[in-house]
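>>> Curious how this folds, go ahead:
(one chain, ligands or ions: 2)
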Amino acid sequence: MPASDCLFCKIIAGEIPSTKVLETDTTYAFRDINPQAAVHVLVVPRTHHEDAEALAKEPQQLADVIATGVQVARQEGIDQSGFRLVLNTGDDAGRTVFHAHVHVLGGEQLGLFGR
Ligand code: 5GP
Ligand code: ZN
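Ligands and ions are numbered 1, 2, ... in the order given. I've put the predicted structure just below:
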C-alpha cells in the first residue's frame, strides 16, 4: 500500500514528476534530483518499505532492487568501469526519504567512503 505522505510513493504513482531510467514489475529507477556523481540513479521497490530493515524482511523485493541497480548500471554504460550501490539508513548516514531506496553511483572515479 502506498504511504500517503511518502515522496517516493508519489513519484512511483506519477503524482510527482521524475526522470525515469527504467522500471520493472516490482521496482522503479529514476534520476536523483541532486546528483552526487556523473551517474546518480535511485532504485525503489514499488511497495512502500520504510528502510533497509523493513526491506530485508522481503528478500525477493531486496533482490529485485539490487538486480535493477545492476541493470541501471548496464543501461547507463558504467557496468564495466565500476559503480557503487548505497543504501543509507538512519541519521548518521544522512537518510532523508523514508521509502527504502538504493543509490546507483558512478560514471567517474568516486571518493572514498566515510566522512
Ligand atoms: P537519502 O539521503 O534518503 O539516502 O537519499 C534521498 C535522495 O533523494 C537524495 O539523494 C535526494 O537528492 C533525492 N531526492 C529528494 N527529493 C527528490 C525528488 O523530489 N526527486 C528526485 N528525483 N530525487 C529526490
Ligand atoms: Zn513510499
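>>> how about the residues of the chain that lie near ligand 2?
3, 6, 8-9, 48, 99 (CB under 5 Å from the ion). No exception for glycine: its C-beta is placed from N, CA and C like everyone else's.
>>> Check these for burial and list the buried ones.
Neighbour counting with 16 or more other CB atoms under 10 Å marks 6, 8-9, 48, 99 as buried within the residues of the chain next to ligand 2.
>>> which one of those residues sits closest to residue 78?
Checking these against residue 78 with CB to CB, the nearest one is residue 8 at 22.8 Å.
>>> Save the residues of the chain next to ligand 2 as JSON lines, and put in distance to ligand 1 too.
Listed next are the residues of the chain next to ligand 2 as JSON lines, based on distance: CB to the nearest ligand atom, whole Å:
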{"residue": "3", "distance to ligand 1": "15"}
{"residue": "6", "distance to ligand 1": "11"}
{"residue": "8", "distance to ligand 1": "8"}
{"residue": "9", "distance to ligand 1": "12"}
{"residue": "48", "distance to ligand 1": "14"}
{"residue": "99", "distance to ligand 1": "9"}
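>>> As a check, name the ranges of all strands in the chain.
Using DSSP state E, the strands found in the chain span residues 20-23, 27-31, 39-45, 83-86, 102-106.
>>> Please produce TSV containing those, extended by mean neighbour count.
Converted to TSV, the strands of the chain look like this (neighbours: other CB atoms under 10 Å):
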stretch	mean neighbour count
strand 20-23	16
strand 27-31	21
strand 39-45	24
strand 83-86	17
strand 102-106	23
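>>> returning to that earlier point: could you dump the residues of the chain next to ligand 2 to JSON lines with pLDDT?
Shown next, in JSON lines, are the residues of the chain next to ligand 2 (pLDDT from 0 to 100):
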{"residue": "3", "pLDDT": "79"}
{"residue": "6", "pLDDT": "97"}
{"residue": "8", "pLDDT": "98"}
{"residue": "9", "pLDDT": "97"}
{"residue": "48", "pLDDT": "97"}
{"residue": "99", "pLDDT": "97"}
